[in-house]
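J.: here is the input, now give the coordinates:
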Amino acid sequence: MSKTVERIEQMLDENSVFLFMKGNPMTPMCGFSSNTVKILKSLLGDQFGYFNVLEDPEIREGIKVYGQWPTIPQLYVNKELIGGNDIITEMFNSGELHELLGLEQPDRTPPEITISSEAVTHIKEGMGDVQDHQLFLSIDDDFNTRFSLEQPKGYEVIANVGDLKIFMDIGTAKRAKGLSISWVDELQGSGLQVKNPNEPPQVKELSVDELRSWLASDTPNPKIYDVRSEDKISEGTVDNAVRLDKEMIKKIQEMEKDTPLVFVCQVGQSSMAAAEFFRKKGFIKVYNLMGGFNAWLT
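T.: Numbers count the residues shown, from 1 in each chain. Got it, this is the predicted structure:
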């Protein structure tokens with residue numbers, strides 16, 4: 001037995017659920033690994049083993065030979081190869097993965113969705129004269145929402161809205177509870193307007209005066225992060241701010257989702273992108289410092 005095979009089998013012996021992936025669960029390095037990790041975390045939290053194949057070419061190639069599976073990620077349960085991202089996604093939605101892991105079957109209760117009559121009319125116009133395809137709704141982890149026409153696979157959750165049948169996976173069904181869709185005509189154009197009560201609150205703009213008052217109050221201070229380079233920060237930054245680097249990003253993602261976060265850059269633009277990133281990760285108290293460090297100096 002080769003040393004590579006011995007290493008693989010030792011990892012599988014030590015973990016009943018084990019994922020060979022690109023990157024790690026905090027920072028996946030490909031979309032397929034990212035999606036598989038999200039599924040496993042939703043079911044098991046952090047209770048699974050993993051190995052980053054990008055750090056070891058021998059394991060990266062060896063696992064393909066070991067399981068006779070050509071792609072990454074690869075999921076093993078009790079030392080048995082289950083498959084890659086596509087198979088795991090289908091098993092998750094069908095409930096097979098829950099059964100395999102000894103978990104309760106997923107909730108398939110159709111969500112309550114409200115769609116205005118005008119929006120329904122436009123959706124039907126967009127569908128055209130479909131035959132073997134159905135209207136699918138998808139809401140991803142970042143709460144990006146889209147409709148598409150697809151062939152059902154048999155495990156979808158189906159919500160009836162008037163005479164519309166809306167098909168969705170179980171993740172979307174959970175995120176679609178209370179969804180409201182209307183049609184708007186504005187100067188910028190016409191289209192569907194989606195309001196999702198499950199989406200984390202929008203990033204709030206915070207003035208320099210408001211931040212100074214917050215820091216001087218008895219209220220627990222926010223965590224403040226400067227997104228600029230080390231050189232810029234060395235010239236000065238906001239009180240209590242620390243640099244937002246890769247290690248700090250990992251630490252933030254492990255914090256409670258109601259932790260107040262304030263992001264700072266030079267003028268308040270780059271920091272907004274960082275703030276939006278963490279909002280989409282589920283943080284509900286995210287702030288952007290208006291005017292950035294330049295405003296802090298005045």
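J.: and G31, how many neighbours?
T.: Neighbouring residues of G31 were enumerated by other CB atoms under 10 Å; the total is 10. Where C-beta positions appear, they are placed from N, C-alpha and C, glycine not excepted.
J.: what bits of this structure have low per-residue confidence?
T.: 1 (pLDDT under 70).
J.: distance check, the closest residue to Q202 other than its chain neighbours against N85.
T.: Spatially, and ignoring its direct neighbours in sequence, Q202 is nearest to R279 (7.2 Å; CB to CB, 6 or more residues apart in numbering). R279 sits at a distance of 26 Å from N85 (criterion: CB to CB, to the nearest Å).
J.: now the helices: where do they sit in the stretch 1-150 of the chain?
T.: 3-14, 31-44, 57-66, 85-94, 96-100, 117-127 (DSSP state H, counting those that start in this stretch).
J.: most centrally placed residue in this structure?
T.: D141 (3.6 Å; CA atoms, centre = their mean).
J.: okay, and the residue nearest to Q202 sits in which element?
T.: helix 270-280 (DSSP states H and E).
J.: residues in contact with that helix?
T.: Contacts of helix 270-280 with the rest of the structure, by CB atoms under 8 Å, 6 or more residues apart in numbering, involve 141-143, 200-203, 225, 227-228, 244, 252, 261, 263-265, 286-289, 292.
J.: which members of the residues you listed are classed as buried?
T.: For those, a burial check counting by 16 or more other CB atoms under 10 Å picks out 200, 203, 225, 227-228, 244, 252, 261, 263-265, 286-289, 292.
J.: now, those that are in helices?
T.: Among the buried ones among the contacts of helix 270-280, the ones falling in helices (DSSP state H) are 252, 292.
J.: ok, the buried ones among the contacts of helix 270-280 vs Q134, which is closest?
T.: P200 (29.6 Å; CB to CB).
J.: how far away is that closest one from E112?
T.: Taken as CB to CB, the span from P200 to E112 is 20 Å.
J.: now swap in D231 and tell me
T.: Using CB to CB, D231 is found at 52 Å from E112.
J.: likewise for G49?
T.: 39 Å.
J.: ok, now V194?
T.: Applying CB to CB, the value for V194 to E112 is 15 Å.
J.: between the two, tell me which one has more neighbours.
T.: Set V194 next to E112 and count neighbours by other CB under 10 Å: V194 wins out with 19 against 12.
J.: N144 is in contact with the more buried one, correct?
T.: No. When contacts are counted by CB atoms under 8 Å, V194 is not listed as touching N144 (9.8 Å).
J.: dihedrals phi and psi, the closest residue to P197 other than its chain neighbours?
T.: With CB to CB, 6+ apart as the criterion, P197 has its nearest non-adjacent residue at 4.5 Å, and that residue is G178. Torsion angles at G178 (phi, psi; degrees, to the nearest 10) stand at phi 80, psi 10.
J.: check contacts around G178.
T.: By CB under 8 Å, 6+ apart, the neighbours of G178 are 111-113, 196-198.
J.: put the buried members of those into a ChimeraX selection.
T.: The following ChimeraX line selects those of the contacts of G178 that are buried, judged by 16+ other CB under 10 Å:
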select :111,113,196
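J.: let me know the closest of the contacts of G178 to D169.
T.: P111 (11.9 Å).
J.: and the closest one, what is it in contact with?
T.: 157, 159, 173-174, 176-179.
J.: adding distance to L54, write the residues you listed out as TSV.
T.: As requested, those are arranged in TSV below (distance: CB to CB, whole Å):
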residue	distance to L54
V157	35
A159	40
A173	34
K174	31
A176	35
K177	37
G178	40
L179	38
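J.: restricted to helices, list those residues.
T.: Short answer: the contacts of P111 in helices (DSSP H) are 173-174.
J.: tell me the two of the contacts of P111 that are most distant?
T.: Between all members of those, the farthest pair (by CB to CB) comes out as V157 and G178, at 15.0 Å.
J.: returning to that earlier point: so the residue nearest to the centre of the chain makes contact with I39?
T.: No. Between D141 and I39 there is no contact under CB under 8 Å: 10.7 Å.
J.: which stretches of the stretch 51-200 of the chain form strands?
T.: Along the stretch 51-200 of the chain, the segments classed as strands by DSSP state E, counting those that start in this stretch run 74-77, 80-83, 114-115, 134-139, 145-150, 157-161, 164-168, 180-186, 189-195.
J.: show me what the fourth one is in contact with.
T.: Strand 134-139 is touched from outside by 113, 123, 127, 145-152, 156, 159, 164-169, 171-172, 175-176, 179, 196, with contacts defined as CB under 8 Å, 6+ apart.
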